[in-house]
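# Have a look; sequence and predicted model below, questions after that.
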Amino acid sequence: MTDNRIAILGIFVADLAFRAQRPPEMGETIIGSGFKMGPGGKGSNQAVAAARAGAKVSFISLIGKDAFGDIALSTWGGEGIDVGCVTQSPDLPTGAAYIFVNEATGENAIIVVPGAAGAISIEDVDRATEAITNARVFVTQLEQPIDAARRGLEIARTSDVVTILNPAPAAELDDRIYPLCDYMTPNEREASALTGISVTDAESAKVAADILVRKGCGAAILTLGEAGALYHSREQSVLVPAFKVGNVVETTGAGDAFNGGLAAALSEGMAPIDAVRFGCATAGISVTRPGTAPSMPTRAEIQALLAR
């Protein structure tokens, strides 16, 4: 186990972000106000966020040998992310995501096509065993196959590596996956889908979080947008406020910023509540900037905000 080392299993996609006043209706064409292409994918975004927050990151994924794959490798290289566990497929394309951004509020709606990463297998994860067991924290999500995510969590468990599952996008989970998670980090919609509880405020978030903990995860951390993040375990339940940094430009990637910051903080041995606060600060800065991976703040920026 290496100090400050994080292993992240996830996908890379090229983000194709469109800004407009509203999304088009079926059969309708509208004129947008902006377009930008950049690096994305929950796992990749979290890797960038964690690296900029000061962690040493190994990324585990599958991409294509194409132009989008070149963007992925360039992104990771620029952030100092270890790509020894990234495989390139000669036959499958790198994934892409359509992102609609409301130009007035910064809120978003996304369609993700994982591409090559949708074929990540248990065997691919097994080949990354050394990277996982040498980490202090292992992070995964649900954009790649769930069987692969579960296998990564199982491997981490064998070496007492701290595990974080960001259950996004929402999907039905086998009950056996919950005890593999030291931390589960859904947003309101994901928590609602997992528990059947309509999460609309801090109180309903606490009810949903308690269900997740009773299912076996060590702690549930529900990200609640402007309300902050609820940390809930068997021992304590704390609502950590969001940071108000400036005007919200785009919320795309805020959850990834939170998870990357959280993982970086935990890898340094921060107490859970302090790590949640660190994650909130990371997310608070990210929403003041456009894009996903490009919006992730540096360690110095996070520390400056925390010191206010």
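Here it is on my side, so go on.
# which SSE is Arg150 in?
Assessed by DSSP states H and E, Arg150 sits inside helix 146-158.
# buried sites along that helix?
Ala148, Ala149, Arg150, Arg151, Gly152, Leu153, Glu154, Ile155, Ala156, Arg157 (16 or more other CB atoms under 10 Å). C-beta coordinates here come from the backbone N, C-alpha and C atoms, glycine included.
# of those, closest to Asn45?
Ala149 (16.2 Å; CB to CB).
# Tell me how far the nearest residue to Ala104 once chain neighbours are set aside lies from Thr75.
Of all residues beyond its chain neighbours, the one nearest Ala104 is Gln21 (6.8 Å), with distances taken as CB to CB, 6 or more residues apart in numbering. Here the criterion is CB to CB, to the nearest Å. By it, Gln21 lies 30 Å from Thr75.
# follow-up on the earlier one: wait, doesn't the residue nearest to Ala104 sit right on Asn102?
Yes. Contact criterion CB atoms under 8 Å: Gln21 and Asn102 qualify, at 7.3 Å.
# tell me which residues of stretch 249-256 are tucked away?
Residues of stretch 249-256 classed as buried: Val249, Glu250, Thr251, Thr252, Gly253, Ala254, Gly255, Asp256 (neighbour count, 16+ other CB under 10 Å).
# Secondary structure, distance to Ala96 and pLDDT added to those residues, as TSV?
Putting those into TSV (DSSP: H, G, I helix; E, B strand; the rest coil; distance: CB to CB, whole Å; pLDDT from 0 to 100) gives the following:
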residue	secondary structure	distance to Ala96	pLDDT
Val249	coil	22	87
Glu250	coil	18	86
Thr251	coil	20	86
Thr252	coil	14	81
Gly253	coil	16	90
Ala254	helix	20	94
Gly255	helix	19	96
Asp256	helix	17	97
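# Report the separation between Glu172 and Ile221.
Using CB to CB, which is the criterion applied here, Glu172 is 20 Å from Ile221.
# And the two? Which one has more around it.
Ile221 (27 against 7; other CB atoms under 10 Å).
# So the more buried one belongs to a helix, correct?
No. According to DSSP: H, G, I helix; E, B strand; the rest coil, Ile221 belongs to no helix; its state is strand.
# Which strand residues bridge it?
Tyr231 (DSSP bridges).
# residues touching it, list them.
The neighbours of Ile221, taking CB atoms under 8 Å, 6 or more residues apart in numbering as the test, are Tyr183, Met184, Thr185, Ala229, Leu230, Tyr231, His232, Leu262, Val276.
# Tell me the one among the residues you listed nearest to Val238.
Distance to Val238, by CB to CB, is smallest for Tyr231 among the contacts of Ile221, at 4.9 Å.
# about what we covered before: so for Gln21 and Thr75, which residue has more residues nearby?
Per other CB under 10 Å, whichever of Gln21 and Thr75 has more neighbours is Thr75, with 22 against 11.
# what's around the closest residue to that one other than its chain neighbours, how many residues?
Closest residue in space to Thr75, ignoring its immediate chain neighbours: Pro39 at 4.2 Å, by CB to CB, 6+ apart. Pro39 has 23 neighbours, counted by other CB under 10 Å.
# now Pro39, what's its secondary structure?
Classification of Pro39 using three-state DSSP returns strand.
# quick one: pLDDT of it?
Looking at Pro39, its pLDDT reads 94.
# That one bridge partners, please.
Applying DSSP bridges, one finds that Pro39 bridges with Ala14.
# Touching, it and Phe12? I think so.
Yes. If you go by CB under 8 Å, Pro39 and Phe12 touch, sitting 6.8 Å apart.
# Now stretch 105-115 - C-alpha only, CSV.
The C-alpha trace of stretch 105-115 is given here as CSV (Å, rounded to 0.1, in the frame of the first residue of the first chain):
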residue,chain,number,x,y,z
THR,A,105,-28.8,27.9,-14.6
GLY,A,106,-25.8,25.7,-15.5
GLU,A,107,-27.9,22.6,-14.9
ASN,A,108,-27.3,19.7,-17.3
ALA,A,109,-28.7,16.5,-18.9
ILE,A,110,-26.4,13.8,-20.3
ILE,A,111,-26.4,10.8,-22.6
VAL,A,112,-23.3,8.6,-22.2
VAL,A,113,-22.2,6.0,-24.7
PRO,A,114,-19.3,4.2,-23.0
GLY,A,115,-17.8,2.7,-26.2
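# Just give me how far it sits from the chain centre.
13 Å (CA atoms, centre = their mean, to the nearest Å).
# which outside residues touch that stretch?
11, 13, 23, 41, 63-64, 68, 92-102, 143-144, 169, 248-252, 287.
# Pro179 and Asp15, how far apart?
For Pro179, the distance to Asp15 - CB to CB - is 34 Å.
# more neighbours, the two?
Legend: neighbour count by other CB under 10 Å for Pro179 and Asp15, higher for Asp15 (26 against 13).
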